[in-house]
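Participant: What follows is a predicted structure for the sequence shown.
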Amino acid sequence: MDRRQRDRDYRDDFALYPRADFLMRPGLVLIIILLGLPVWAAVLFDFFRPAAMREINLPEKIKGPPVASAEATTTTVTLIAVGDVMLSRAVADRMDQFGADYPFRKVASFLNEADIVFGNLETPLVDGRHIESGEMVFRSAPTAAGALRQAGFTILSLANNHTPNFGARGLLETFRHLTENEIHYVGAGENSEAANRPVFVAVKNLTFAFLAYNDPGVVPATYEAAADRPGTAFMRIDKMTATVKQAKTEADFVIVSMHAGDEYRVSPNQAQIDFARAAVTAGAELVIGHHPHVVQMVERYRGKNIFYSLGNFVFDQTAPRTKEGLAVKIIFTKTGISALSFQSVLIENLAQPRFLEASEINEMKGR
């Protein structure tokens, strides 16, 4: 292509794209650069000046919503539930001899890993006479409350057949000592309304509602709280159902405890089954059972877990099965239970639980 042809092509391009022709004029380009110098100077000054001199104020209309942190969306809460805790008779003797923390020395580190630790306290914490081996009324020194807290317990069911053994005074003293040691209690109260009231425990971004009930078939009628009498909450399905439904509107998870069943039987009775399943139907996430003193079955019902009996955790009974129990560790997220595991327990020296090794568990299964 000769020079004259290229000149014609350039002229044709300028005709089609007059802005390109405009920019090709050196004088105008120089003027544009000179006019833009103040703007560039302001930009460079703002960029290089000290951070303390800069201030950024975003208008409200362009501020985005707060972004949920990874921690908030992945928060987990750990609950450990154990069986019957009895701190009287031979257990109290060993606490006097070896220290109030003696029953929990081999398990406290595990319990303290959890955010919530729940158990069934079978003993009023009140001053009184010494309880002999073989007696069926229990009492422990008030200092036991501190040992429970040090061991990791955060909430205890008092709905059972022994916490009211020392009457109104025993109950009221127990309430006071637990409260002073920052331990919640449930299933008992100064009156009927308090005994049947859910106890809410908020941990991280989750709220749990606890309820606990006593089987009227295993305790005297006078153990039920009344309008003018301290006592425990009794298992009444219609009343429990209404309370669970209401608690479900105020908490992420509802956990129901029941003190029921036939002692030393490895299978739940019909009262346990009916009550536990009604609790799940009403909205409970978990049902935790105590009283039989032996481990009973775990049932998966409507997608929820029912632990009919976790057996003993601290007790001075001597039959082989009564020295065995379960601790269950449950991991919660906002959407539900993400993990569940068990620790087998063996009670030694009539007072001190420890967790079994895998080989010991296999040996027990073989018996």
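Facilitator: Ah, there it is. Here the structure is a predicted model, which is why all the values come from computation and not from measurement.

Participant: Show me what secondary structure element comes after the longest strand along the chain.
Facilitator: Determined from DSSP state E, the single longest strand within the chain is strand 336-348. Next helix or strand after strand 336-348 toward the C-terminus (DSSP states H and E): strand 352-355.

Participant: What residues of that next one count as buried?
Facilitator: Residues 352, 353, 354 are the ones in strand 352-355 that count as buried (16 or more other Cβ atoms under 10 Å). C-betas here are computed from N, CA, C, even on glycine.

Participant: How about stretch 149-166?
Facilitator: Buried, per 16+ other Cβ under 10 Å, within stretch 149-166: 149, 151-166.

Participant: Helices along the stretch 51-200 of the chain, start to end?
Facilitator: Remark: helices assigned in the stretch 51-200 of the chain by DSSP state H, counting those that start in this stretch are 70-73, 89-98, 108-111, 144-151, 167-180, 192-195.

Participant: deepest of these, which one?
Facilitator: Among the helices of the stretch 51-200 of the chain, helix 144-151 has the highest mean neighbour count (mean count of other Cβ atoms under 10 Å), at a mean of 21.

Participant: helices or strands next to that helix in the packing?
Facilitator: helix 108-111, helix 167-180 (3 or more Cβ pairs under 8 Å, 6 or more residues apart in numbering; DSSP states H and E).

Participant: okay, the angle between it and helix 167-180?
Facilitator: 40 degrees (axes from the mean of the first three to the mean of the last three Cα atoms, to 10 degrees).

Participant: what is the orientation angle of helix 144-151 with helix 89-98?
Facilitator: 80 degrees.

Participant: could you give the mean pLDDT of helix 144-151?
Facilitator: Averaging pLDDT along helix 144-151 gives 98.

Participant: Tell me where the model's unsure across the protein.
Facilitator: 1-73, 364-367 (pLDDT under 70).

Participant: hmm, 80 instead?
Facilitator: Scanning the chain for pLDDT under 80 picks out 1-74, 361-367.

Participant: Show me how it divides into domains.
Facilitator: Listed by automatic domain parsing, the domain ranges of the chain are 7-48, 76-366.

Participant: Can you say which of those is packed in most?
Facilitator: domain 76-366 (a mean of 19).

Participant: Measure how far that one is from the centre of its chain, please.
Facilitator: 14 Å (Cα atoms, centre = their mean, to the nearest Å).

Participant: start at 419 instead
Facilitator: Will do, 419 is the new start, and the previous item becomes domain 494-784.

Participant: quick revisit: tell me which residues are up against the longest strand of the chain.
Facilitator: 494, 500-501, 525, 528, 703, 723, 729-733, 741-750, 771-774, 778-779, 782 (Cβ atoms under 8 Å, 6 or more residues apart in numbering).

Participant: Repeat the analysis, applying 7 Å as the threshold.
Facilitator: By Cβ atoms under 7 Å, 6 or more residues apart in numbering, the residues outside strand 754-766 that reach it are 494, 730-733, 741-749, 771-774, 779.

Participant: One more: stretch 601-610?
Facilitator: By Cβ under 7 Å, 6+ apart, stretch 601-610 touches 563, 566-567, 571-577, 581, 589, 593, 596, 613, 615, 617, 619, 628-632, 643-651, 675.

Participant: I'd like the list of those residues that fall within strands, please.
Facilitator: Checking those against DSSP E, those in strands are 573-575, 617, 619, 628-632, 649-650, 675.

Participant: Just read off the phi/psi values of residue 780.
Facilitator: phi -60, psi -40 (degrees, to the nearest 10).

Participant: re the thing from before, and of the helices of the stretch 469-618 of the chain, who's closest to residue 552?
Facilitator: helix 507-516 (7.7 Å; Cβ to Cβ).

Participant: Between strand 754-766 and the closest one, find me the angle.
Facilitator: 80 degrees.

Participant: CA-only coordinates of helix 507-516 in PDB, if you can.
Facilitator: Output in PDB follows, covering the C-alpha atoms of helix 507-516 (Å, rounded to 0.1, in the frame of the first residue of the first chain):
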ATOM      1  CA  ARG A 507     -24.300 -42.400 103.300                       C
ATOM      2  CA  ALA A 508     -21.000 -44.000 102.300                       C
ATOM      3  CA  VAL A 509     -20.400 -41.200  99.700                       C
ATOM      4  CA  ALA A 510     -20.600 -38.600 102.400                       C
ATOM      5  CA  ASP A 511     -18.300 -40.600 104.600                       C
ATOM      6  CA  ARG A 512     -15.600 -40.600 101.900                       C
ATOM      7  CA  MET A 513     -16.200 -36.900 101.200                       C
ATOM      8  CA  ASP A 514     -15.500 -36.200 104.900                       C
ATOM      9  CA  GLN A 515     -12.400 -38.500 104.800                       C
ATOM     10  CA  PHE A 516     -10.900 -37.500 101.500                       C
END
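
Participant: who does it touch, helix- and strand-wise?
Facilitator: The contact analysis (3 or more Cβ pairs under 7 Å, 6 or more residues apart in numbering; DSSP states H and E) places helix 507-516 against no helix or strand.

Participant: hmm, try it at 10 Å
Facilitator: Under the contact definition 3 or more Cβ pairs under 10 Å, 6 or more residues apart in numbering; DSSP states H and E, helix 507-516 sits against helix 562-569, strand 770-773.

Participant: which residues sit against the longest one?
Facilitator: Just to be clear, that refers to helix 562-569. 503, 505-506, 509-510, 513, 517-523, 525-530, 535, 537, 539, 541, 543, 558-559, 571-572, 574, 591-592, 594-601, 732 (Cβ atoms under 10 Å, 6 or more residues apart in numbering).

Participant: let's see it at 8 Å
Facilitator: With Cβ under 8 Å, 6+ apart as the criterion, helix 562-569 contacts 503, 505, 513, 518-519, 521-522, 525-526, 529-530, 535, 539, 541, 543, 574, 595-596, 598-601.

Participant: Sweet, I'm off.
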